[in-house]
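Trainee: Just a sequence and a predicted model for now, questions to come.
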Amino acid sequence: MARWIKWVVGVLCVAVLVGAIYFPILRRRLRAAAKLQQQTAEQARRELTQAVPINPGEPRVKAKLFWASGNSDGMLMDSTVELPLSSDPVLRSKQVLNTLLAGPVDAELRTLPPDAVLLAFYLLPDGTAIADFSEALATATPSGIQSEQLAVDSLTRTLEANVPRVQRLKILIHGQEVETLAGHLDLTGAFLVNSKGSLVAPSTAVVAPVPAPAAPPSADKQVAPETDKPSAAPATKPSARAATPDKGLSKPAQPEKKM
Amino acid sequence: MVLDPAHGGTDPGARGTGGIRESEIVLDFAAQVRRALEAQGFQVVQTRQGNENPSFDDRSAIANAQSGAVFVTLHIASTGLPGTARVYINSDLPVTTDAHGLISWDRAQTPFEGLSRKLGDLVQGLLAQRFKGSPSTAQTAAVRQLRTTAAPAIAVEISSVVVENRADLDRMAPGVADAIATGVATFRPSYVVPTTSGGTP
């Protein structure tokens, strides 16, 4: 065999050997880099969406947030998070909902899609809360009765635990009423929030909420409509069915009847 | 018996990473449930035969047009413990009628909720015997499809599209079919069509 062929074979063998050693290392590095990137993306998203208004004046209190139990049984588990919660029910609701959307430390226990954003939140005098979410809530919540129920339950139970003024929750997607959350769960009605029964007598009078344009969460503090105070704005009644008494309803996330 | 394979057409329903589509699997499940029901002597109508996507109201209307129908909507979940099945009934709402004693058409399920609960618990109990890890009683949820259905109506959701192999789901079909058919047959004698003062429009 010619000498040069021996050389070529030798060089090729060395190349294969180096490759065999180097490739697994490269693959491991790539995986680590991808994981790191995922974590930073999640972190960045958290920072962006975590529009919890900072109230230096407010003392930090223990807020109870409901995320998934992690047993894939459709159950929720409460976690206590210290937050400088406002005493104003609208601001307080936004704080807890934004923290809920930001998600738990363990991303597996999320109940709501990471891209979903709370666009606006109103509280009517009769205790009906209207929460307007970005489209991601409808498009990125896994389709299914159990998964959609879990998403709504985590919202209603978190509000129930932290904002006693909220009695019912109406969910809008990008300012619109939609038929279902992701193909199954009915969003045309309002969900009962306070399972202890209505504390506020249902008002029959048409009271005006202030239909403010959807505001970015960061600007919440300035534009938050003070709907729980008497308002002189022209009357529109976005949720006629909200003004109904709650009878014999004990579970959260039950839709209220339509009038 | 009205059998409703959920989704279809442009709506694939829940999708698994392995390419599993809820709309396709529920059709196969429906065929097996149908055979089991027919073996029990029931007449079965399906809300869709192929890959169409009738509206929620159109599906309900098929049951609402029959007197004494029973409605079962079939789903595959995105979540949940694989190999389990859950039965849902519509959330209990207070019965409300207008001045003429009529129930609004979009609340057609209201007078049937007691019956739906009974049927749901029966079927869920049978499913729990066959699929360990399933709950023992039916759950309540605001299922859109059930709200407009004027008949005892349940949703059966099987977990889940997450399984890597479709065969894992297909294996469940005979058990699901048997539980539904046996449940409906057991329920039959107690089914008295409820009447409201003005009937349901």
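Mentor: Nice, I can see it. Numbers count the residues shown, from 1 in each chain, chains lettered A, B, ... in the order given.

Trainee: So which bits of chain B are right by chain A?
Mentor: Near chain A, the residues belonging to chain B are B:6-7, B:11, B:13-15, B:22, B:56, B:75-81, B:86, B:88, B:91-94, B:96, B:104, B:106-107, B:110, B:139-145, B:147, B:155, B:157, B:159-160 when assessed by Cβ under 8 Å from any Cβ of the partner chain. Yep, even glycine has a C-beta here, placed from its N, CA and C like the rest.

Trainee: mind listing which of the residues you listed are in helices?
Mentor: Among the residues of chain B next to chain A, DSSP state H puts B:22, B:56, B:144-145, B:147 in helices.

Trainee: Looking at A:Pro24 now. What's its pLDDT?
Mentor: We have a pLDDT of 91 for A:Pro24.

Trainee: With A:Leu155 instead?
Mentor: We have a pLDDT of 94 for A:Leu155.

Trainee: Which part of chain B gets nearest to chain A, residue-wise?
Mentor: The shortest separation between chain B and chain A is 3.4 Å, found at B:Ser78 (distances taken as Cβ to the nearest Cβ).

Trainee: contacting residues around that residue?
Mentor: A:142-144, A:146-147, B:14-15, B:160-162 (Cβ atoms under 8 Å, 6 or more residues apart in numbering or on different chains).

Trainee: As a check, name the ranges of all strands in the chain.
Mentor: No chain in the question, so chain A it is. A:61-68, A:76-83, A:118-123, A:128-133, A:168-173, A:191-192 (DSSP state E).

Trainee: you looked at the wrong chain, it should be chain B
Mentor: So, for chain B - with DSSP E - the strands run B:2-5, B:45-46, B:71-76, B:85-90, B:139-141, B:153-158.

Trainee: Okay, now the sheet partners of the fifth one, with direction.
Mentor: Strands flanking strand B:139-141 in the sheet, each with its direction: strand B:85-90 (parallel) (DSSP bridges).

Trainee: for the second one, same thing?
Mentor: Taking DSSP bridges as the criterion, strand B:45-46 sits next to strand B:2-5 (parallel) in its sheet.

Trainee: Please name the nearest non-neighbouring residue to whichever residue of the stretch 101-250 of chain A sits closest to chain B.
Mentor: Of all residues in the stretch 101-250 of chain A, A:Pro142 sits closest to chain B, at 3.4 Å by Cβ to the nearest Cβ. What sits nearest to A:Pro142 in space, not counting adjacent residues and going by Cβ to Cβ, 6 or more residues apart in numbering or on different chains, is B:Ser78, at 3.4 Å.

Trainee: what's the spacing between that neighbour and B:Glu157?
Mentor: Remark: distance between B:Ser78 and B:Glu157 (Cβ to Cβ, to the nearest Å) = 10 Å.

Trainee: Now the common contact residues for these two.
Mentor: In contact with both B:Ser78 and B:Glu157: A:144, A:146, using Cβ under 8 Å, 6+ apart.

Trainee: circling back: reformat the strands of chain A as TSV; add mean neighbour count and mean pLDDT.
Mentor: Shown next, in TSV, are those (neighbours: other Cβ atoms under 10 Å in any protein chain shown; pLDDT from 0 to 100):
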stretch	mean neighbour count	mean pLDDT
strand A:61-68	19	90
strand A:76-83	15	88
strand A:118-123	23	94
strand A:128-133	24	94
strand A:168-173	23	93
strand A:191-192	24	89
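
Trainee: quick one, which of those is nearest to B:Pro135?
Mentor: strand A:76-83 (15.2 Å; Cβ to Cβ).
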